[in-house]
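S.K.: below are the sequence and a predicted model; questions follow.
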Amino acid sequence: MTHRKLVIIPTYNELENISDMIHTVMGLGGNFDLLIIDDGSPDGTGAVVKSLQIAFPDRLHLMERSGKLGLGTAYIAGFKWALERTYDFIFEMDCDFSHDPKDLIRLYNAVKDREFDLAIGSRYITGVNVVNWPIGRVLMSYFASVYVKFITGLPIKDATAGFKCYHRSVLEGIKLDEIQFIGYAFQIEMKFTAWKLGFKLIEVPIIFTDRTKGTSKMSPKIFKEAVLGVIWMKIKSIFSPYKLNRIGSI
């Protein structure tokens, strides 16, 4: 059986990376489709995607939005787009090559037989596999996951990871319009929600390499959202049990 696979990549000012990323994903074995969600990049990222759609007319897709609306809202829009078009497996990844596109195949292999429902590209499952990050950011990221596990019980070593493969049943089961957060807390909330709903998660070891082109979107506001958001998620889970979404009400 051939599964339909969609990789979702949100972008903002990724002109230096977008062409290489598209060609790399399109060149992978496994026939991955690609949806770029561009938040009105003033550097012309969207125009590059449009120009390359001529070469990949049925596999490369573009959703253009007006302005920076947040990582979480981009992925939610992409998830809905994918479900409407009956994709079986939906992937999240960054455009800056911090996630190695070749690892898409490994994430898919971890869930294709349905022993697991969500595969997470993990920087910390086999130690600390991060390249070119300053030690302060490594420690902040690593201990953020320790903090998440301590507060919520989520049995994941890389809670903020943004490199993932979902089986469509996970995204159908989550009430996507009730997801609250837009930054790093979004990544935590999606994993926590999937876990609370009874889906099976697996961490796949990857090597994360910091971007060499373009600029990071990390900010103190995003980090603060994650710290406070974890407490909110835990409290919510106590007073409002998680329930599967009714199919068709996405």
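M.R.: Nice, thanks for sending it over.

S.K.: residues near Asp117, how many?
M.R.: Neighbours of Asp117 under the rule other Cβ atoms under 10 Å: 20. The way it works is simple: take the backbone N, C-alpha and C, and place the C-beta from them, glycine included.

S.K.: quick check: closest non-adjacent residue to it.
M.R.: Distances taken as Cβ to Cβ, 6 or more residues apart in numbering put Phe199 closest to Asp117, at 4.1 Å, once the chain neighbours are dropped.

S.K.: mind checking which helix or strand that neighbour is in?
M.R.: Of the helices and strands defined by DSSP states H and E, none includes Phe199.

S.K.: could you do Pro10 as well?
M.R.: strand 5-11.

S.K.: which elements pack onto that strand?
M.R.: Counting by 3 or more Cβ pairs under 8 Å, 6 or more residues apart in numbering; DSSP states H and E, the packing neighbours recorded for strand 5-11 are helix 15-26, strand 32-38, helix 71-84, strand 89-92.

S.K.: let's go with 6 Å and repeat that
M.R.: Under the contact criterion of 3 or more Cβ pairs under 6 Å, 6 or more residues apart in numbering; DSSP states H and E, strand 5-11 touches strand 32-38, helix 71-84, strand 89-92.

S.K.: got a list of contacts for that strand?
M.R.: 25, 32-38, 45, 71, 74, 78, 82, 87, 89-93, 95 (Cβ atoms under 6 Å, 6 or more residues apart in numbering).

S.K.: quick one: the helix or strand of the chain with the lowest mean pLDDT to helix 71-84, angle?
M.R.: Least confident helix or strand, the chain: helix 220-239 with a mean of 81, by mean pLDDT, DSSP states H and E. Computed with axes from the mean of the first three to the mean of the last three Cα atoms, to 10 degrees, the direction of helix 220-239 lies at 60 degrees from that of helix 71-84.

S.K.: got the contact list for the residue nearest the centre of the chain?
M.R.: Nearest to the geometric centre of the chain sits Glu92, at 3.2 Å (Cα atoms, centre = their mean). By Cβ under 6 Å, 6+ apart, the contact list for Glu92 reads 8, 162, 164.

S.K.: can you confirm Ser169 is in a helix?
M.R.: Yes. Judged by DSSP: H, G, I helix; E, B strand; the rest coil, Ser169 forms part of a helix.

S.K.: now it: how far from Val111?
M.R.: 10 Å (Cβ to Cβ, to the nearest Å).

S.K.: just Leu71 next, same as before
M.R.: Distance, Leu71 to Val111, by Cβ to Cβ: 22 Å.

S.K.: sorry, back to before: what's the closest non-adjacent residue to the residue nearest to the centre of the chain?
M.R.: Distances taken as Cβ to Cβ, 6+ apart put Lys164 closest to Glu92, at 4.7 Å, once the chain neighbours are dropped.

S.K.: isn't the one you found right up against Ser122?
M.R.: No. Contact between Lys164 and Ser122 fails when scored by Cβ atoms under 6 Å: they sit 9.9 Å apart.

S.K.: neighbour count winner among those two?
M.R.: Taking other Cβ under 10 Å, Lys164 and Ser122 do not tie; Lys164 has more neighbours (26 against 22).

S.K.: which residues does the more buried one form beta bridges with?
M.R.: Beta-bridge partners of Lys164, counted by DSSP bridges, are Glu92, Ile120.

S.K.: show me where the protein dips below the pLDDT cut-off.
M.R.: For the chain, the stretches flagged by pLDDT under 70 are 211-223, 247-250.

S.K.: before we move on, the earlier item: quick check on the residue nearest to Asp117: phi, psi?
M.R.: phi -80, psi 150 (degrees, to the nearest 10).
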